[in-house]
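K.L.:
Predicted model and sequence below, questions to follow.
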Amino acid sequence: MRELLAAATRPAKVVYVSRDAEPAPVLDEIAALAGPILRVVPIEKLAALARTDTHQGVVATARPLLPVSVDDLLAVDGCFVLALEGVTDPHNLGAVLRSAAAFGVTGVVVPNRRATLVTPAVAKAAAGAIEHVPIALTSGIPAALERARRAQVWTVGLAADGGTEIDAITVADESIVLVMGAEGHGLSRLSTQRCDVVARIPIADHVESLNVSVAAAIALHEIARRRRSR
């Protein structure tokens, strides 16, 4: 909620705060940012608006989160885009979006089917990141990678059997799309074929794989580190 108001990328119409909410610094910030659109209401009304018991005492109505186009993301000078192929767990997607915001990703691409979109659960897990990272929908990640090739943007897939360790890729400081696969399945064959580089995160032999949100955080941190030193 605080990030929604602070980012102001999609204006809030009304912010409701429970009359019974426990005092907290973040509520003071929300009240200050909301200004004249703040409404203090009984807990019963807030619960009815939220349609959940986990509203934490605050609800807002705002304009919808509108997707951008893949081409718009690729047109950003020095773009750092994350493409997710079929992530289905909303908590994983939310955590990945939070990492994307933390490490300077300029946009995220997700499929518009057979994958989780931005739901309330995703928004909560992202802890405000959806207000800072533009999100594009695509009919398929391979098609988005083909658009990247035409835009002369490097594509780097992340897979357990990648031929290059993530800290050794030579295009980290270029315009780049990092591509990650679905939980359990990894990158599709077609997406793998359309990547310029397929990289891996080195892990101990007795560990089969990493959770997609953990792998995303590691890979994004490494690419961000390389981009800072260019």
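P.N.:
All right, it came through fine. Here the structure is a predicted model, which is why all the values come from computation and not from measurement.

K.L.:
What is the three-state secondary structure of the residue positioned nearest the centre of the chain?
P.N.:
The structure's the chain has its C-alpha centroid closest to Leu97; by CA atoms, centre = their mean the separation is 2.2 Å. Of the three states, Leu97 takes helix under DSSP: H, G, I helix; E, B strand; the rest coil.

K.L.:
Can you give me the domain boundaries for the protein?
P.N.:
Structural domains annotated on the chain: 2-62, 70-228, as defined by automatic domain parsing.

K.L.:
State the mean pLDDT of the shortest one.
P.N.:
What it means is domain 2-62. Regarding domain 2-62, the rounded mean pLDDT is 89.

K.L.:
Ok, stretch 162-170 next?
P.N.:
93.

K.L.:
picking that back up, which one of the domains of the chain is the most hemmed in?
P.N.:
domain 70-228 (a mean of 19; mean count of other CB atoms under 10 Å). In short, each C-beta sits where N, CA and C put it, glycine included.

K.L.:
now do the same end-to-end measure for that domain.
P.N.:
In domain 70-228, first residue to last residue: 24 Å (CA to CA, to the nearest Å).

K.L.:
dump the residue contacts of Ser139.
P.N.:
111-113 (CB atoms under 8 Å, 6 or more residues apart in numbering).

K.L.:
and Leu27, backbone torsions?
P.N.:
With angles defined as degrees, to the nearest 10, Leu27 sits at phi -70, psi -40.

K.L.:
packing partners for the strand ranked longest in the chain?
P.N.:
In the chain, assigned by DSSP state E, the strand with the most residues is strand 12-18. Contact here means 3 or more CB pairs under 8 Å, 6 or more residues apart in numbering; DSSP states H and E; on that basis strand 12-18 packs against helix 2-7, helix 25-34, strand 38-41, helix 43-50, strand 58-62.

K.L.:
possible to save these as CSV with distance to Val171?
P.N.:
Output for the helices and strands packed on strand 12-18, formatted as CSV (distance: least, CB to CB, whole Å):
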stretch, distance to Val171
helix 2-7, 30
helix 25-34, 40
strand 38-41, 47
helix 43-50, 45
strand 58-62, 38
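
K.L.:
Tell me which of those lies nearest to Leu93.
P.N.:
helix 2-7 (16.6 Å; CB to CB).

K.L.:
residues in contact with the closest one?
P.N.:
Helix 2-7 is touched from outside by 10, 12, 15, 26, 29-30, 33-34, 60, 62, 127-129, 131-132, with contacts defined as CB under 8 Å, 6+ apart.

K.L.:
The same query, at a cut-off of 10 Å, please.
P.N.:
9-12, 15, 26-27, 29-35, 37, 58, 60, 62, 65, 101, 123, 126-132 (CB atoms under 10 Å, 6 or more residues apart in numbering).

K.L.:
any idea how far Glu208 is from Pro202?
P.N.:
Using CB to CB, to the nearest Å, one gets 14 Å for the distance from Pro202 to Glu208.

K.L.:
ugh, typo on my part, it should be Asp161
P.N.:
Distance from Asp161 to Glu208, by CB to CB: 12 Å.

K.L.:
Strands along this protein, start to end?
P.N.:
If DSSP E is used as the criterion, the strands of the chain fall at 12-18, 38-41, 58-62, 80-84, 107-111, 135-138, 154-158, 164-165, 176-180, 197-200.
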